[in-house]
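Participant: Below is the structure, and that's it, no one-letter string:
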Ligand SMILES: NC(=O)C1=CN([C@@H]2O[C@H](COP(=O)(O)OP(=O)(O)OC[C@H]3O[C@@H](n4cnc5c(N)ncnc54)[C@H](O)[C@@H]3O)[C@@H](O)[C@H]2O)C=CC1
Ligand SMILES: O=C(O)C1=N[C@H](C(=O)O)C[C@H](O)C1
């Protein structure tokens, strides 16, 4: 068996260092490059990387991804900050590289992926929904990419079911008190020392409440998803958003 040649960008970061350990320990992979901020992306070509894993920052990821796609390397991306406009740009790059695969995974945690799936299923049965995401205080962005994606999927399911906006009689509020509005779903962000990555999806109906909660207590929780993405990305040419598309969930 030939080992997959994998490069990690953001290799000294919280996620990147964990990913380097996971790739190095995987029998079917070889860690051929581990790059940090300021390193020359040409090292990816020199190392003959087949799959590039990006775990950097929203302000760095697009340049890295462009390099990978234009040099025929598949990419597995955990970095946040993917707006609809950024996704369009990636699709445009991929149009010129039809056999290249890019996976953008808002969350590699299998429990987090299932939380999104369960949220989608529950969405049409409840009048109210709000999301609370809780993270370590060194996180640069809010709300989390996972919470934004969860809200979008729930909003889509509510629209498909013809549900009206969730009830909310709030007539006055301090700015931020009702959270960020993601397609009509309020998303609240907590930043607390001691936390890693957590999400609660709260559904409310007459006389009842359903809470779906996921906790990543350690970044090792993301690694099975990272490795799965690396193994499967070449078999999914084009852009895939969400690890759920690599799992046989339906
Ligand atoms: N999809 C998922 O499951 C997860 C995604 N994340 C996301 O991954 C990203 C990284 O998170 P953390 O590891 O916590 O951040 P971090 O700040 O610990 O690590 C980022 C690393 O990237 C490096 N870096 C910055 N620019 C770079 C460049 N141009 N090339 C190479 N390296 C560069 C930084 O120096 C730093 O070492 C964030 O966007 C975060 O939200 C984090 C956890 C799970
Ligand atoms: O920055 C983090 O830590 C995380 N970022 C991702 C996000 O924004 O959703 C994934 C996970 O929540 C951890």
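Facilitator: Received it, and whenever you're ready, just let me know what you need. This one's a predicted model, so the numbers in the text were calculated from it and none came from an experiment. Numbering: from 1, shown residues only. Ligands and ions are numbered 1, 2, ... in the order given.
Participant: what does the protein have sitting close to ligand 1?
Facilitator: By CB under 6 Å from any ligand atom, the part of the chain that sits against ligand 1 consists of 9-10, 12-16, 35-37, 55-58, 60, 64, 78-80, 105-109, 222. Where you see a C-beta, it was placed from the backbone N, CA and C, and this is true even at glycine.
Participant: Where does pLDDT dip in the protein?
Facilitator: Low-confidence regions of the chain, defined by pLDDT under 70, are absent; no residue qualifies.
Participant: Need the outlier residue of it, farthest from its centre.
Facilitator: In the chain, residue 171 marks the outermost C-alpha relative to the chain mean, sitting 34.3 Å out by CA atoms, centre = their mean.
Participant: Does that one fall in a helix, a strand, or a coil region?
Facilitator: Classification of residue 171 into helix, strand or coil gives coil, according to DSSP: H, G, I helix; E, B strand; the rest coil.
Participant: mind checking how far it is from residue 178?
Facilitator: Per CB to CB, to the nearest Å, residue 171 is found 11 Å from residue 178.
Participant: which residues does the spatially closest residue to residue 11 that is not a sequence neighbour bridge with?
Facilitator: Leaving aside its chain neighbours, residue 11 sits nearest to residue 34 (3.6 Å; criterion: CB to CB, 6 or more residues apart in numbering). Counting by DSSP bridges, residue 34 is bridged to residue 8.
Participant: residues contacting residue 34?
Facilitator: If a contact means CB atoms under 8 Å, 6 or more residues apart in numbering, then residue 34 has 7-8, 11, 16, 20 as its contacts.
Participant: Tell me which two in those are the farthest apart.
Facilitator: Within the contacts of residue 34, 7 and 16 form the most distant pair, 10.7 Å apart (CB to CB).
Participant: tell me, what's touching the two both at once?
Facilitator: Overlap between the contact sets of residue 7 and residue 16, as judged by CB under 8 Å, 6+ apart, is given by 34, 53.
Participant: out of those two, which sits in the more crowded spot?
Facilitator: Counting neighbours by other CB atoms under 10 Å for residue 7 and for residue 16 shows that residue 7 has the greater number, 28 against 23.
Participant: surely the more buried one meets residue 48?
Facilitator: No - distance between residue 7 and residue 48: 9.3 Å, which falls outside the contact criterion (CB atoms under 8 Å).
Participant: between the two, what contacts are shared?
Facilitator: Residues touching both residue 7 and residue 48 (CB under 8 Å, 6+ apart): residue 32.
Participant: Pull the contacting residues for residue 79.
Facilitator: Shown here is residue 79, whose contacts under the criterion CB under 8 Å, 6+ apart are 10, 54-58, 60-61.
Participant: Any quick ChimeraX command for the buried ones out of those?
Facilitator: For anyone working in ChimeraX, the buried entries among the contacts of residue 79, judged by 16 or more other CB atoms under 10 Å, can be selected with:
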select :10,54,55,56,57,61
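Participant: Restricted to strands, list the residues of the chain next to ligand 1.
Facilitator: Applying DSSP state E to the residues of the chain next to ligand 1, the entries found in strands are 9, 35.
Participant: Now the phi/psi pair for the nearest residue to residue 218 once chain neighbours are set aside, please.
Facilitator: Counting by CB to CB, 6+ apart, residue 218 lies nearest to residue 196, which is 6.4 Å off, once chain neighbours are set aside. Backbone dihedrals for residue 196, given as degrees, to the nearest 10, come out at phi -110, psi -80.
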